[in-house]
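Chemist: Structure here, sequence nowhere to be found:
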Ligand code: M6R
């Protein structure tokens, strides 16, 4: 039995039945599902329409089965017709095709968008991501750019395209054996194991994910720290949650490592790329390792002579493969669309890296560095404590939050990127319009929105940050805002002055930057549930964003 399917994110044409994949040709014998964007779809479609093809959808993908049909009309066998169609495509694609004239095969091709093969016993799989088939096999081959082939239940054939001249490709057979990898992830990791949602399971999995990461990254962190030691500048790039981890990473590398470091949103990198040069190190942060914006930012940096270090959770994914060095967090597969455990493990990795850089550069004494390392070693245990102490309070907060339309998350210093992550979580799973701002900036505009009951959530990771935030709390209270704070438990005055307090363990910023987000993950999760939403599948979002 063979089959193909696709959960569509909708780049061309609204989400509707007619735009859903698979798309078929005029004969109904060829079907295609595709992730990515075909950039030259319009010209191909116009040409095919002139040749008599009838299209029914608004998608770019629909041109592919029609192209295959066209090559078959010229007398080609299905696989040759598929390869000829692929040769014409420009853009990003991971695509699979069925042809009723060779019904035991699923054809595939990849350019930029992720595609993996799962090798089972009497069954083979193609998917965008490993968890899709983890229940059936842990034997994996990652398909690389410009590879095509087909699978049957018992066979995998793969070829690599080499461009010769403008319009011609030579296909060379690929030996799969050295590429087969058995992933460490277990099938249970891709199951809910009694939790109602993956997001909640993954929040609770953080102690384990942090502990595996601590054990797994030690050696490579030392190598990367040596690379960073003499860097003239460090740019940390990422998207979404990974950008928030990048922001914390840049702050840590600058504060503890004494390096000139800045964070950039991956899709904004192109406007800075001109100033990148040899001597710079770019750290590309992406849990999936496949986010196209981050991949392109890393490529741009490499093209300018910078060293690229990848920080990812998925071994062999595109960004680590193209980087000079790769650090892998050990969070296990993350299924929930909202990143939780991958974020805290990324931040933990930055903490370890920054302490090592600080030690190598003499910014931190041996005693200071070993004190940070000691506390970081306890992070998994403290995470477990925070989750168990604050879960019920987060649930109570969620009941009120579920009635709100807007919220501010305010912080200073390290508290700002943690606030940004808190706001993003609430926005993406509970659809509350949550904005993060530097607390000192709120009086320069955003405060105009605040009225009675408006939620304002403060984050302070240290007593210093708490002291600076006190006046901002007063400003909000004076306007009858509903105030909440996540701050160290000895920040008595701040915590006493808010409506809901989360008194957290007093820790060095390296550890608190990892842990203070935990109440926010829980608040977002329980708010989504209180509103009747499925936090694992937020509308309009995809787990891995492979379109620019
Ligand atoms: O796989 P990546 O870490 O590169 O993904 C980046 C973002 O797309 C991702 O963090 C997104 O913002 C999540 N929905 C956050 O929860």
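Modeler: Cool, got the structure. In this text the structure is predicted, and so the values were computed from the model without any measurement.
Chemist: Helix, strand, or coil at residue 31?
Modeler: strand (DSSP: H, G, I helix; E, B strand; the rest coil).
Chemist: residue contacts, residue 215?
Modeler: By C-beta atoms under 8 Å, 6 or more residues apart in numbering, residue 215 lies in contact with residue 330. All C-beta spots, glycine's among them, are computed from the backbone N, C-alpha and C.
Chemist: mind checking which helix or strand it is in?
Modeler: Residue 215 belongs to helix 206-229 when assigned by DSSP states H and E.
Chemist: buried set for that helix?
Modeler: With burial defined by 16 or more other C-beta atoms under 10 Å, the residues of helix 206-229 counted as buried are 206-214, 216-217, 220-221, 224-225, 228.
Chemist: Please list the residues of the stretch 251-400 of the chain that sit near the ligand.
Modeler: Counting by C-beta under 6 Å from any ligand atom, the residues of the stretch 251-400 of the chain close to the ligand are 286, 287, 288, 291, 294, 337, 338, 339.
Chemist: Just the ones of these in helices?
Modeler: residue 294 (DSSP state H).
Chemist: Report the two of the residues of the stretch 251-400 of the chain next to the ligand separated the most.
Modeler: Among these, the pair separated by the greatest distance (C-beta to C-beta) is 294 and 338, at 17.9 Å.
Chemist: Tell me the bridge partners for residue 173.
Modeler: residue 159 (DSSP bridges).
Chemist: Could you report the distance from it to the ligand?
Modeler: 32 Å (C-beta to the nearest ligand atom, to the nearest Å).
Chemist: That residue contacts residue 156, correct?
Modeler: No - the criterion here is C-beta atoms under 8 Å, and residue 173 misses it with residue 156 at 11.6 Å.
Chemist: Looking at these two, which has the bigger crowd around it?
Modeler: residue 156 (17 against 10; other C-beta atoms under 10 Å).
Chemist: For the more buried one, list the residues it contacts.
Modeler: 117, 119, 124, 141, 149, 150, 176.
Chemist: By neighbours, which of the residues you listed wins?
Modeler: Using other C-beta under 10 Å as the neighbour test, these are led by residue 149, with 27 neighbours.
Chemist: buried sites along the helix or strand hosting residue 81?
Modeler: Taking DSSP H and E as the criterion, residue 81 maps to helix 78-88. Using 16+ other C-beta under 10 Å as the test for burial, helix 78-88 gives 78, 79, 81, 82, 83, 84, 85, 86, 87, 88.
Chemist: Show the contacting residues for the second one.
Modeler: It stands for residue 79. Contacts of residue 79 by C-beta under 8 Å, 6+ apart are 102, 105, 107, 150.
Chemist: Likewise for residue 40?
Modeler: Neighbouring residues of residue 40 by C-beta under 8 Å, 6+ apart: 88, 89, 90, 91.
Chemist: Could you do residue 159 as well?
Modeler: So residue 159 contacts 83, 147, 148, 149, 171, 172, 173, 174 (C-beta under 8 Å, 6+ apart).
Chemist: Spatially central, which residue of this structure would that be?
Modeler: Centre of the chain computed as the mean C-alpha position; nearest residue by C-alpha atoms, centre = their mean is residue 287, 4.5 Å away.
Chemist: I'd assumed residue 329 was in contact with that one.
Modeler: Yes - using C-beta under 8 Å, residue 287 makes contact with residue 329 at a distance of 7.4 Å.
Chemist: Next, show the common contact partners of these two.
Modeler: Common neighbours of residue 287 and residue 329 (criterion: C-beta under 8 Å, 6+ apart): 312, 313, 342, 346.
Chemist: which element follows the host helix or strand of the last one toward the C-terminus?
Modeler: It stands for residue 346. Assigned by DSSP H and E, residue 346 belongs to helix 341-360. Downstream of helix 341-360, the first helix or strand assigned by DSSP H and E is helix 366-377.
Chemist: Let's test this: mean pLDDT of that following helix, rounded?
Modeler: Helix 366-377 carries an average pLDDT of 97.
Chemist: Thanks a lot, see you next time.
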